[in-house]
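In: Below is the structure, and that's it, no one-letter string:
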């Protein structure tokens, strides 16, 4: 009894722990989904705001917005390209690690540009624009180089695979069109053809006396034998003679016993 209670208690604790673990996993998953949605929404709002500033405002504010938009667009495109390629090619993981290091400099530059947008001293900001422009160009050039290298590598692998596949398809297509070639002659096929030829020759020899020796002609029935004659060939049944009307009892066992006469 105590063992049964202990087992039930352990099962209850195990089910409770499992329920807590599943609940925590579900909550974390929902939280990650909400955070991802909020991040994407915030990113969309920021990109829209930067486009509006770059097109609607001129001067220092407009140029800072253009630099931020250029930096964010280049870094995001490179990250997506490298992550997509790294799932299929393990050698791209080193490039992805280099991009993470470059991304740290990109985030730092983006924060500097954001602070410059809120700075009221436009003259000081204008003096720092050449340096900010150069930093942005260097980071975006490095990101573009990584992105295009990853895309070229993926395209090269796809071209090699397509070339190999095309060669295999050409070989298979040639094999499918090879219907008119004679099959290779082997010993078994040669003996089989010889046997069939001999059978055809024997058939033609047996049928020369009827219809010009056509192999497809059915054999004629054997001619009927004359009455009282013997069979002409071995295995043929003799002809049955007609019954003699003068003999009342055709069979010997049907004859009646003749009475004995005394002389």
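Out: Ah, there it is. None of the values given here were measured: they were computed from a predicted structure.
In: Could you break the protein into its assigned domains?
Out: Per automatic domain parsing, the structural domains of the chain span 1-56, 58-170.
In: what about the longest one, average pLDDT?
Out: It refers to domain 58-170. Model confidence over domain 58-170, given as mean pLDDT, is 88.
In: What's the end-to-end length of that domain?
Out: 60 Å (C-alpha to C-alpha, to the nearest Å).
In: got the domains of the chain as JSON lines, with mean neighbour count and distance to residue 178 columns?
Out: Every C-beta, even on glycine, is put in place using the N, C-alpha and C of the backbone. Below are those laid out as JSON lines (neighbours: other C-beta atoms under 10 Å; distance: least, C-beta to C-beta, whole Å):
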{"stretch": "domain 1-56", "mean neighbour count": "11", "distance to residue 178": "57"}
{"stretch": "domain 58-170", "mean neighbour count": "15", "distance to residue 178": "13"}
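In: Make JSON lines out of those and add distance to residue 179.
Out: Below are the domains of the chain laid out as JSON lines (distance: least, C-beta to C-beta, whole Å):
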{"stretch": "domain 1-56", "distance to residue 179": "58"}
{"stretch": "domain 58-170", "distance to residue 179": "17"}
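In: right, and those domains - which one's nearest residue 176?
Out: Residue 176 lies closest, by C-beta to C-beta, to one member of the domains of the chain: domain 58-170, at 10.4 Å.
In: The helix or strand containing residue 162 - contacts with which helices or strands?
Out: According to DSSP states H and E, residue 162 maps onto helix 122-176. The contact analysis (3 or more C-beta pairs under 8 Å, 6 or more residues apart in numbering; DSSP states H and E) places helix 122-176 against helix 59-86, helix 93-118.
In: between the last one and helix 59-86, how big is the angle?
Out: Just to be clear, that refers to helix 93-118. Inter-element angle recorded for helix 93-118 and helix 59-86: 160 degrees (by axes from the mean of the first three to the mean of the last three C-alpha atoms, to 10 degrees).
In: Output the below-cut-off pLDDT ranges for the stretch 151-263 of the chain.
Out: Residue ranges of the stretch 151-263 of the chain with pLDDT under 70: 180-263.
In: mind running it again at 80?
Out: 178-263 (pLDDT under 80).
In: To residue 177, which of the domains of the chain lies closest?
Out: domain 58-170 (10.7 Å).
In: Residue 125 reaches residue 63, doesn't it?
Out: No. Contact between residue 125 and residue 63 fails when scored by C-beta atoms under 8 Å: they sit 9.4 Å apart.
In: May I see the helices and strands packed on helix 122-176 arranged in TSV, with distance to residue 38 as well?
Out: Shown next, in TSV, are the helices and strands packed on helix 122-176 (distance: least, C-beta to C-beta, whole Å):
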stretch	distance to residue 38
helix 59-86	17
helix 93-118	18
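In: between those helices, which one is nearest to residue 155?
Out: Here helix 59-86 is closest among those (C-beta to C-beta), at 10.3 Å.
In: any idea of the angle that closest one forms with helix 122-176?
Out: 30 degrees.
In: Counting by contacts, list what helix 59-86 packs against.
Out: Secondary elements touching helix 59-86 (3+ C-beta pairs under 8 Å, 6+ apart): helix 2-56, helix 93-118, helix 122-176.
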